[in-house]
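J.: next comes the sequence, and after it the predicted model I'd like to discuss.
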Amino acid sequence: DDSFWTWREAMYSLALTLGLDDLRAAARLCYAECLEAGYTAVGEFHYLHHDRDGAPWAPDPLAAARAHLAAARDVGIRVTLLHTVYARGGVETPLLPRQRRFATHALDDVARALDGLAADDHVDGVRARVGLAIHSVRAVPRAWLGPLAELARARALPLHAHVSEQPREVADCRAAHGLSPVALLAAEGVLGPDLTAVHATWLDPEDVALLAEHGVTVALCPTTEGDLGDGVPDTPALHAAGVPLCVGSDSHAVIDPFAELRLLEYQARARTGRRCVVTDATGAVAPALARIGHDHGYRALGLPGDGDRVHLRAGDRALEATRDPLAAALVGGHRGLVDRVEVAGELVVSGGRALASE
């Protein structure tokens, strides 16, 4: 009986084996693949904080985080390194031995890590910056939620959190606190325009209203949410409430921004039985998806997009004889459509291949 929870166990098993060389190689490959698919920026939800035995990386406790920053610089993608807090195995459940590499032991450790990463040579606020992530209300004690938000805001950092991804998470949170995950984050002062709520799959109308009231951005990851059987988010309600949306690949089972954007709209159609659900003020889908994929994505990561360009293959069949190239690309496009990519004015992909991989 395969599910999100069995996938999580497989992920834990793999995570226990990885060394620094593995991380560097995987990060370089992943970031190069992101560029080749048309992504120009990535938010790295980083929580492999310790070596295989659960002890800090030596001699540098931030070695794994720095490996991701260096990999992003090597291939040329913009990155926001989201230092992720993971302190328990579930709501009111201690960390399990197989989660030892993720452990955050104290709030002071978070502050030290944020300040250490901010001083990294790769972090310039343009090509790379630091952010903070609350893994989830499952993995972070209630007493830490407000102080973590304050840590991020005192440093003007982007703040992210997995929110209501699974029904069990929502049920456990309600049983422990009498609140949904969104309501719990609201009660602890976490919600705000600097927060990006990732997934937000299982929301009730009150949750949607809270997210809209506080200006929270929601990051949808349709290929992962489908792959893991998470569920289908209420995108129509979020969009109608004015909640800003962006997309991510999350687990990298698929690295294709065209697929993420297309599925975001198609899932909304499946929920409503209507076409053209996520639209702009004129009723057009493509400009709305472009804003989701561009403006809202950069804002969620706290990164600029100046000088970033994705050039498509003009002769591709997906664009042939179309009256609306933007709509054709976003709704009918694919990762093989990308020819060249520039980041901050620098050519990083040519002929569909990342130059750093040559």
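T.: That came through, no problem. Note that the structure is predicted; figures quoted are calculated from it, not measured.

J.: need the strands for the stretch 251-358 of the chain, in chain order.
T.: For the stretch 251-358 of the chain, applying DSSP state E, counting those that start in this stretch gives strands covering 309-312, 338-343, 346-350, 353-354.

J.: tell me the most buried of these?
T.: Most buried of the strands of the stretch 251-358 of the chain by mean neighbour count (mean count of other CB atoms under 10 Å) is strand 338-343; its value is a mean of 21. Where you see a C-beta, it was placed from the backbone N, CA and C, and this is true even at glycine.

J.: that one pairs with which strands?
T.: strand 309-312 (antiparallel), strand 346-350 (antiparallel) (DSSP bridges).

J.: number of nearby residues for the closest residue to Asp324 other than its chain neighbours?
T.: In space, and not counting its chain neighbours, Asp324 is closest to Ala286: 6.6 Å by CB to CB, 6 or more residues apart in numbering. By the criterion of other CB atoms under 10 Å, Ala286 has 19 neighbours.

J.: hmm, back to that, JSON lines for the strands paired with strand 338-343, including mean pLDDT and distance to Leu326?
T.: Below are the strands paired with strand 338-343 laid out as JSON lines (pLDDT from 0 to 100; distance: least, CB to CB, whole Å):
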{"stretch": "strand 309-312", "mean pLDDT": "97", "distance to Leu326": "10"}
{"stretch": "strand 346-350", "mean pLDDT": "99", "distance to Leu326": "20"}
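
J.: and the ones you listed as a markdown table, adding distance to Ala327?
T.: A markdown table is the format used below for those (distance: least, CB to CB, whole Å):
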| stretch | distance to Ala327 |
| --- | --- |
| strand 309-312 | 13 |
| strand 346-350 | 23 |
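
J.: out of those, nearest to Ser136?
T.: Of all the strands paired with strand 338-343, strand 309-312 sits nearest to Ser136, with 31.8 Å by CB to CB.

J.: and the contacts of the closest one?
T.: 38, 40, 319, 329, 333, 337-342 (CB atoms under 8 Å, 6 or more residues apart in numbering).

J.: same check on stretch 20-28?
T.: Taking CB under 8 Å, 6+ apart as the rule, stretch 20-28 contacts 18, 44, 48, 57, 63-64, 67-68, 70-72, 74-75, 356-357.

J.: repeat that with 7 Å
T.: Outside stretch 20-28, the residues that touch it by CB atoms under 7 Å, 6 or more residues apart in numbering are 48, 63-64, 67-68, 71, 74-75.

J.: in that stretch, what's buried?
T.: 23-24, 27-28 (16 or more other CB atoms under 10 Å).

J.: alright, calling it a day.
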